[in-house]
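> task: produce atomic coordinates for the following.
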Amino acid sequence: MAELLSPAGGWDSLVAAVQNGADAVYMGFGAYNARRSAKNFTEEEFSQAVRYCHLRGVKVYLTLNTLLTDRELPGAAELLHKASRLGADAVLIQDWGVWQLARQAAPELPFHASTQMSLHTLGGARRAAELGLTRVVLARELSRRDIAAICRDCPAEVEVFAHGALCMCYSGQCALSAVIGGRSGNQGTCAQPCRLPYGVNAPAAGGHPLSLKDANLSPYLQELEDMGVACLKLEGRMKRPEYVAVITSIYRRLLDEKRRPTREEQRQLELAFSRSGFTDGYYLGRKGPQMFGTRPENLPEPKELFAQARTLYEKEDRRTVAVDMDCVCRAGEPVRLTVRAGDQRAEVTGPVPETARNRALTAEELQARLKKTGGTAFRCREVRIALEEGLMLSAGAVNALRREGLAALEDTLCAVPERRIAQPEPLPDAPVEPAQPLLTCSLQK
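Next up is the predicted model:
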């Protein structure tokens, strides 16, 4: 099944994505990402986010997907060191200079070609794979035929944007924001000039000739999977957590149930965010004025939908880790608890049980106390007890044993893999070419 990748522009959006079924999340950390205006994450928050996700089996992708100046490269190298040390599963990049830096600074980190590389041909995707990028995020403007052709012959994984905003250019390769407002979309500060009204000599009333509707490929998920698309990406790091919850939950259901969206699910997607509806024009190869739309001003918030969405992630109890426990309690030796989740396990020991003075501890009582995992990321499926008769162990001791066991298992599940990091060698100076005369021309009457 294709991986479902959701946006995490801040902690609440991260939780919304994870609790609603995302297989992976992508987020910014530091200044070098294409959504600098999102809340993003500090180093401490990023570390906590990685632990939160990995505990629940969710991957974390760091966005380092802007064009960098030479002066920014040392900071990027340090960011790569931190990402590797903190356990990021992959890094998205746009700048080929950053890719050269990354291979030196963090050689064991997987790297993905961001959609801002504008990979829109099989040749480009194959070249990225040959250079060592493990995944290519295709340009959002490709048709189903183009995507299928690249999936068929590209050795790297293929990721496709399935839902969200479209640019009026190839995947963000736009200079208009910098020209008009001095804010570069290629350095993470796009002012979205394509959403403004334009006209001849003056803005036309209601005229938004550059504003594309958001993409919505929810009816084509099974087709994309059949092509071999490895990951379906949802856009929205600048949008609110409720939006992330709505779209993630709907796409999760569609993938799991291998079906098209119902009319009600399409309505909810549109209520969460749309610009006069959605478009699948690029995917179907039907380009035209029907692809353009705007978001009306003062549009009321879908309070009921968003309130329902908040209930799906605020308690953080929809995405839990199933565990099994084995407890051995014998006279004269410390009580021992083994906690398992899949093929991972942790073992802790507690106090030596005492001889019962009045009523002895029963297996049923011990089992009931160990099963109390409320308020954690775990849910207990089975507890097996080996208990000698006539022993006593306080409720506090059992509770402490359970907490220590779950904490030890959490540390095991969230362990960061050992990776090599290094200070990158200075890049060689470019050869100095002899100065060439400027080409000139003159117009003859």
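> measure stretch 7-16 end to end?
End-to-end distance for stretch 7-16, by C-alpha to C-alpha, to the nearest Å: 10 Å.
> try stretch 313-331
Termini of stretch 313-331 sit 45 Å apart (C-alpha to C-alpha).
> any low-confidence regions in the stretch 51-200 of the chain?
171-172 (pLDDT under 70).
> which residues of the stretch 101-250 of the chain fall in helices?
In the stretch 101-250 of the chain, the helices defined using DSSP state H, counting those that start in this stretch lie at 122-130, 144-153, 176-181, 221-227, 241-257.
> deepest in the core, which of those helices is it.
helix 241-257 (a mean of 22; mean count of other C-beta atoms under 10 Å). (Glycine included, C-beta is placed from N, CA and C.)
> the inter-axis angle of the helix or strand just after that one versus helix 241-257?
Remark: after helix 241-257, the chain's next helix or strand is helix 263-272, criterion DSSP states H and E. Orientation note: helix 263-272 sits at an angle of 150 degrees relative to helix 241-257 (axes from the mean of the first three to the mean of the last three C-alpha atoms, to 10 degrees).
> in helix 263-272, which residues are buried?
If you call a residue buried by 16 or more other C-beta atoms under 10 Å, then helix 263-272 has these buried ones: 265-266, 268-272.
> for those, which one is nearest Val18?
Ala272 (17.9 Å; C-beta to C-beta).
> follow-up on the earlier one: let's have the buried residues of helix 263-272 in TSV, adding distance to Phe46 and pLDDT.
Shown next, in TSV, are the buried residues of helix 263-272 (distance: C-beta to C-beta, whole Å; pLDDT from 0 to 100):
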residue	distance to Phe46	pLDDT
Glu265	33	98
Gln266	35	98
Gln268	31	98
Leu269	29	98
Glu270	33	97
Leu271	32	97
Ala272	26	97
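> list the helices and strands the lengthiest helix in the chain packs on?
If you go by DSSP state H, the chain has its longest helix at helix 395-413. In this structure, helix 395-413 packs against helix 43-55, strand 321-329, strand 336-341, strand 344-349, helix 363-370, with contacts taken as 3 or more C-beta pairs under 8 Å, 6 or more residues apart in numbering; DSSP states H and E.
> neighbouring strands - and their directions - for the second one?
Sheet partners assigned to strand 321-329 using DSSP bridges are listed as strand 336-341 (antiparallel), strand 378-387 (parallel).
> tell me the most buried of those?
By mean count of other C-beta under 10 Å, the strands paired with strand 321-329 have strand 336-341 as the most buried, with a mean of 20.
> could I get it in PDB with only the CA atoms?
The C-alpha coordinates for strand 336-341 follow below in PDB (Å, rounded to 0.1, in the frame of the first residue of the first chain):
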ATOM      1  CA  ARG A 336      10.400  -9.600  36.400                       C
ATOM      2  CA  LEU A 337       8.300  -8.000  33.700                       C
ATOM      3  CA  THR A 338       8.900  -8.400  30.000                       C
ATOM      4  CA  VAL A 339       7.000  -6.100  27.600                       C
ATOM      5  CA  ARG A 340       6.800  -6.800  23.900                       C
ATOM      6  CA  ALA A 341       5.600  -4.800  20.800                       C
END
